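Engineer: Take a look and give me a structure for this.
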Amino acid sequence: EVQLVESGGGLVQAGGSLRLSCAASGFTFDDYAIGWFRQAPGKEREGVSCISSSDGNAVYGDSVKGRFTMSRDNAKNTVYLQMNSLKPEDTAVYYCAVECEAPDYWGQGTQVTVSS
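Structural biologist: Modelled structure (predicted):
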């Protein structure tokens, strides 16, 4: 059974930092790209970042580029999202997913709230 468990969310002031984790199980982690997505109240889900299975290169959405860094540890079957210089508009539920184009498997999400 594929499982993705996010953690690390919370309440932070604008300008602060958080590090999200996504622990994966039930599939061959090394073979898949992993994506981070977020959904704010009343808004559609948007892609935040995606990290490849092969070389570990990550790409980012324009709204987070230069502030967020995604990484993966294949030995731990875990991906991370380091979020710096957080803004109130980053407030959302953050999800990780297997693959970045039309993912089939999602985690339950972790809430990130940035106060102004």
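
Engineer: what residues does the helix or strand hosting Tyr95 touch?
Structural biologist: With secondary structure defined by DSSP states H and E, Tyr95 is part of strand 92-98. Strand 92-98 is contacted from outside by 2, 4, 6, 9, 20, 22, 24, 27, 32, 34-40, 43, 45, 48, 79, 81, 103-112, using C-beta atoms under 8 Å, 6 or more residues apart in numbering. No exception for glycine: its C-beta is placed from N, CA and C like everyone else's.

Engineer: What's the ChimeraX line that selects buried ones from those residues?
Structural biologist: A single ChimeraX command selects the buried members of these (16 or more other C-beta atoms under 10 Å):
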select :4,6,9,20,22,24,32,34,35,36,37,38,48,79,81,103,105,106,107,109,110,112
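
Engineer: Surely Lys87 touches Ala14?
Structural biologist: Yes. If you go by C-beta atoms under 8 Å, Lys87 and Ala14 touch, sitting 5.9 Å apart.

Engineer: list residues touching both of those two?
Structural biologist: The contact lists of Lys87 and Ala14 share Val114, where a contact means C-beta under 8 Å, 6+ apart.

Engineer: Near Gln3, how many other residues are there?
Structural biologist: Look at Gln3: counted by other C-beta atoms under 10 Å, it has 12 neighbours.

Engineer: This protein: strands as residue ranges?
Structural biologist: 3-7, 10-13, 18-25, 34-39, 46-51, 58-60, 68-73, 78-83, 92-98, 105-106, 110-115 (DSSP state E).
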